[in-house]
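Undergrad: predicted model, plus sequence, below.
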Amino acid sequence: MQAYSAWLFFIYNMGKIKIAIFASGSGSNAEQITNYFSGHDQIEVVLILSNKPTAYVLERAAKLGVPSQVFDRPTFYQSENVLDSLRTHEVDYIVLAGFLWLVPQYLIEAYREKMINIHPALLPKYGGKGMYGDRVHRAVIADQETESGITIHLVDEVYDNGRILCQERVSLVADDTPDSLAEKIHELEYAYFPKAIESYLLEHKG
Ligand SMILES: Nc1nc2c(c(=O)[nH]1)N[C@@H](CN(C=O)c1ccc(C(=O)N[C@@H](CCC(=O)O)C(=O)O)cc1)CN2
Ligand SMILES: NCC(=O)N[C@@H]1O[C@H](COP(=O)([O-])[O-])[C@@H](O)[C@H]1O
């Protein structure tokens with residue numbers, strides 16, 4: 001009976017679009033995305049990767065039953081081990097969800113137009129090297145902006161430079177702090193990132 005169940009599971013998941021998620025920290029977006037596609041008839045998350053062995057995203061992956069992999073700088077930048085792993089898992093698309101290293105050329109080429117990132121601001125402002133996490137929210141507040149938001153974009157060789165797929169906005173109030181703004185941004189991310197991924201993948205499948 002177990003062999004039959006395994007066969008049914010294989011048949012059910014055969015032909016699905018496979019996603020790998022890269023994250024460097026907590027992984028709340030990785031969890032939201034994984035749950036969104038759990039039981040989805042055309043898309044599944046098959047691998048979660050991190051550059052930080054202590055990243056909480058790895059605990060989330062374990063609880064979600066998603067295989068995970070950790071890599072260091074030499075592995076990521078001076079070998080194709082990560083690419084080999086993506087190929088072993090038949091990964092079709094890569095999602096960057098709080099991943100904090102520059103993706104190298106070999107991986108950009110292998111997943112040209114098939115790598116999506118979320119940035120916690122309204123690009124092109126507040127993007128580029130050094131602009132990540134709370135640093136972004138602190139800069140937005142320091143400039144007394146009246147709005148911020150998220151940008152979902154394709155990934156190319158340059159930080160935060162790829163084609164923008166969508167942006168969603170949120171207003172700031174006078175007493176917003178980096179933490180309160182981060183909370184507003186996370187709400188936008190959870191509401192829009194999985195749907196933006198789904199739309200892009202289904203529009204470009206085949
Ligand atoms: N080739 C690309 N790689 C990455 C992109 C991209 O668009 N093209 N997006 C980033 C995600 N990101 C913003 O959305 C981003 C992440 C990190 C940084 C940054 O300055 N990182 C630091 C290192 C931080 C660390 O090691 O903890 C740095 O490079 O000095 C900027 C933007 C993911 N990769
Ligand atoms: N420039 C990249 C960047 O700052 N990404 C941001 O890191 C956070 C990760 O949160 P999570 O680990 O809880 O998903 C998210 O807010 C994401 O937009």
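TA: Perfect, thanks for sending it. Ligands and ions are numbered 1, 2, ... in the order given.

Undergrad: taking the mean pLDDT, what do you get for stretch 74-90?
TA: For stretch 74-90, mean pLDDT is 98.

Undergrad: can you check stretch 57-68 too?
TA: Mean pLDDT, computed over stretch 57-68, is 98.

Undergrad: run through who's touching that stretch.
TA: For stretch 57-68, contacts defined as CB atoms under 8 Å, 6 or more residues apart in numbering pick out 23-28, 30-31, 34-35, 38, 45-50, 70, 89, 98. Where C-beta positions appear, they are placed from N, C-alpha and C, glycine not excepted.

Undergrad: stretch 89-105 too?
TA: Taking CB under 8 Å, 6+ apart as the rule, stretch 89-105 contacts 17-27, 29-30, 33, 46-47, 51, 57, 67, 73, 76-77, 86, 107, 111, 114-118, 132-133, 155, 157, 159, 193, 197, 201.

Undergrad: which of those residues are close to ligand 1?
TA: Of the residues in the contacts of stretch 89-105, proximity to ligand 1 by CB under 6 Å from any ligand atom holds for 117, 132, 155, 157, 159.

Undergrad: residues contacting the third one?
TA: Just to be clear, that refers to residue 155. Residues near residue 155 by CB under 8 Å, 6+ apart: 94, 96, 103, 108, 111, 115-117, 162.

Undergrad: show me where this protein has helices.
TA: 2-13, 28-37, 56-64, 73-78, 81-88, 105-110, 134-142, 178-203 (DSSP state H).

Undergrad: just name the most buried of those helices.
TA: Of all the helices of the chain, helix 28-37 has the most neighbours on average by mean count of other CB atoms under 10 Å, namely a mean of 21.

Undergrad: so that one, near ligand 2 or not?
TA: Yes. Using CB under 6 Å from any ligand atom, we find that helix 28-37 touches ligand 2 at 28-30.

Undergrad: as CSV, those with distance to residue 167 and pLDDT would be great.
TA: Shown next, in CSV, are the residues of helix 28-37 next to ligand 2 (distance: CB to CB, whole Å; pLDDT from 0 to 100):
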residue, distance to residue 167, pLDDT
28, 20, 98
29, 16, 98
30, 21, 98
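
Undergrad: right, I'll leave it there.
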